[in-house]
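> Got a sequence here, can you model it:
(chains A, B, C and D, ligands or ions: 4)
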Number of protein chains: 2
Amino acid sequence: MTTDSLIKALDAAEAHCLERGEKLTPVRKRVLELVLEADGPVKAYDLLEALKPGPGSAKPPTVYRALDFLMTAGLVHKVEALNAFVGCSHAHDDGGAELYICSDCGNVEERHGAPLPMNAPAGFVIQRSVVEHFGQCANCRTG
Amino acid sequence: MTTDSLIKALDAAEAHCLERGEKLTPVRKRVLELVLEADGPVKAYDLLEALKPGPGSAKPPTVYRALDFLMTAGLVHKVEALNAFVGCSHAHDDGGAELYICSDCGNVEERHGAPLPMNAPAGFVIQRSVVEHFGQCANCRTG
DNA sequence: TCCGGGATGTTATAATATCACGCTCTCGGT
DNA sequence: ACCGAGAGCGTGATATTATAACATCCCGGA
Ligand SMILES: [Zn+2]
Ligand SMILES: [Zn+2]
Ligand SMILES: [Zn+2]
Ligand SMILES: [Zn+2]
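Ligands and ions are numbered 1, 2, ... in the order given. Next comes the predicted model:
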């Protein structure tokens, strides 16, 4: 991600939060920036390390609170199978997305509108879905 | 799960392992039994507690090694979003399954043959999929 | 018998995540 | 201006989940 598009994404995120009546505070913005800068899923404690050079603080609750906020706002997704986090460029309020994660290069593609549950049990009402596909992206196969 | 069907499941699991040229040792069998007995996803450290009255030991590696074996054999699945484990009654060697997990009663239904990825990125080759749906089962909705 | 590898036991530690408490803002109401 | 409520955050401690590293046991084949 280029510096320009990063700045744009952060501005868009700020606007998105304001629409929701919430504040993208400096800590939250910095965490989002770190997640977006990363070229793949990023671990909470790596974010913690990256925050440390900052103004003194940086303890686990700081980063987990920021991540919780960002996930609720739809700006970040958790990759459950990796205990890691990825930025979301779609800013969709519902938490659901399909993630395609390349095991070789770490690149993550996001898709929406899963049509799936043809084979849900009768009467089962889905509230939240976790869909994560691991494999190789086109680049890593041919490269 | 009744005692009878539990015994049958364990016998079937033993046969399944033998077909694969592997051994369902006492520790592994006991862990599988505990997972199958549970009425929902079960945590590794709960298994650990349950093992302790048993033959002496029970340290984390014991249960994690047993769970790794059982997952590879297709006898147990990990619910990634819960860091918990469920028994599998299908004994399918491929790791993939769709799990429908009731957030109220903990019941887990498993489905296979997901046709999904209509919307995978071009050229992406899926090696492993995690599909977990959380919500309410029919019983808990009407109850 | 002797060796070799799989399985297990054992000790320690790493990695991930949350709790509990208190401080400081800011914002409205008075 | 004063107060009180609530959000955000700092801080220390702790809970939860998982693995590393090495020793030991056991069983089957040479
Ligand atoms: Zn998204
Ligand atoms: Zn790739
Ligand atoms: Zn299964
Ligand atoms: Zn239910």
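
> For chain A, just list every one of the strands.
A:76-79, A:84-87, A:98-102, A:108-111, A:125-136 (DSSP state E).

> any chance of these in a markdown table, with mean pLDDT, distance to A:Thr62 and mean neighbour count too?
For glycine as for every other residue, the C-beta is placed from the backbone atoms N, C-alpha and C. What follows is the strands of chain A, written out as a markdown table (pLDDT from 0 to 100; distance: least, Cβ to Cβ, whole Å; neighbours: other Cβ atoms under 10 Å in any protein chain shown):
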| stretch | mean pLDDT | distance to A:Thr62 | mean neighbour count |
| --- | --- | --- | --- |
| strand A:76-79 | 97 | 15 | 22 |
| strand A:84-87 | 97 | 14 | 22 |
| strand A:98-102 | 96 | 25 | 23 |
| strand A:108-111 | 94 | 24 | 18 |
| strand A:125-136 | 95 | 26 | 19 |
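
> Turn those into CSV, including distance to B:Arg141.
Below are the strands of chain A laid out as CSV (distance: least, Cβ to Cβ, whole Å):
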stretch, distance to B:Arg141
strand A:76-79, 27
strand A:84-87, 32
strand A:98-102, 26
strand A:108-111, 29
strand A:125-136, 6
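
> nearest to B:Glu132, of the ones you listed?
Taking Cβ to Cβ, strand A:125-136 is the member of those nearest to B:Glu132, at 4.3 Å.

> check contacts around A:Ile126.
A:Pro117, A:Ala120, B:Tyr100, B:His133, B:Phe134, B:Gly135 (Cβ atoms under 8 Å, 6 or more residues apart in numbering or on different chains).

> The closest residue to A:Val76 other than its chain neighbours - how many residues pack around it?
Closest residue in space to A:Val76, ignoring its immediate chain neighbours: A:Leu70 at 3.9 Å, by Cβ to Cβ, 6 or more residues apart in numbering or on different chains. Around A:Leu70 sit 24 other residues, with neighbours defined as other Cβ atoms under 10 Å in any protein chain shown.

> isn't A:Leu70 right next to A:His77, touching?
No: with contact defined as Cβ atoms under 8 Å, A:Leu70 does not reach A:His77; the gap is 9.3 Å.

> and the gap between the residue sitting furthest away from the middle of chain A and B:Arg111?
In terms of distance from the mean C-alpha position of chain A, A:Ala122 ranks first, at 31.9 Å (Cα atoms, centre = their mean). The gap separating A:Ala122 from B:Arg111 is 12 Å, by Cβ to Cβ, to the nearest Å.

> Read off the pLDDT value for A:Gly54.
At A:Gly54, the pLDDT value in this model is 62.

> which non-adjacent residue is nearest A:Glu14?
A:Leu24 (4.6 Å).

> Phi and psi next, for the one you found.
Main-chain dihedrals, A:Leu24, degrees, to the nearest 10: phi -90, psi 80.

> That one - how many residues pack around it?
Per other Cβ under 10 Å, the neighbour tally for A:Leu24 reads 22.

> Report the contact partners of it.
Neighbour list for A:Leu24: A:Ala13, A:Glu14, A:Cys17, A:Leu18, A:Leu32 [criterion: Cβ under 8 Å, 6+ apart].

> Make sure the second one is actually in contact with A:Lys29.
Right, the one you point to is A:Glu14. Yes: between A:Glu14 and A:Lys29 there is a contact under Cβ under 8 Å: 7.2 Å.

> so how far is A:Lys59 from the residue nearest to A:Glu14?
To A:Lys59, A:Leu24 is 21 Å away according to Cβ to Cβ.

> re earlier: contact partners for the residue farthest from the centre of chain A?
By Cβ under 8 Å, 6+ apart, the residues touching A:Ala122 are B:Ala138.
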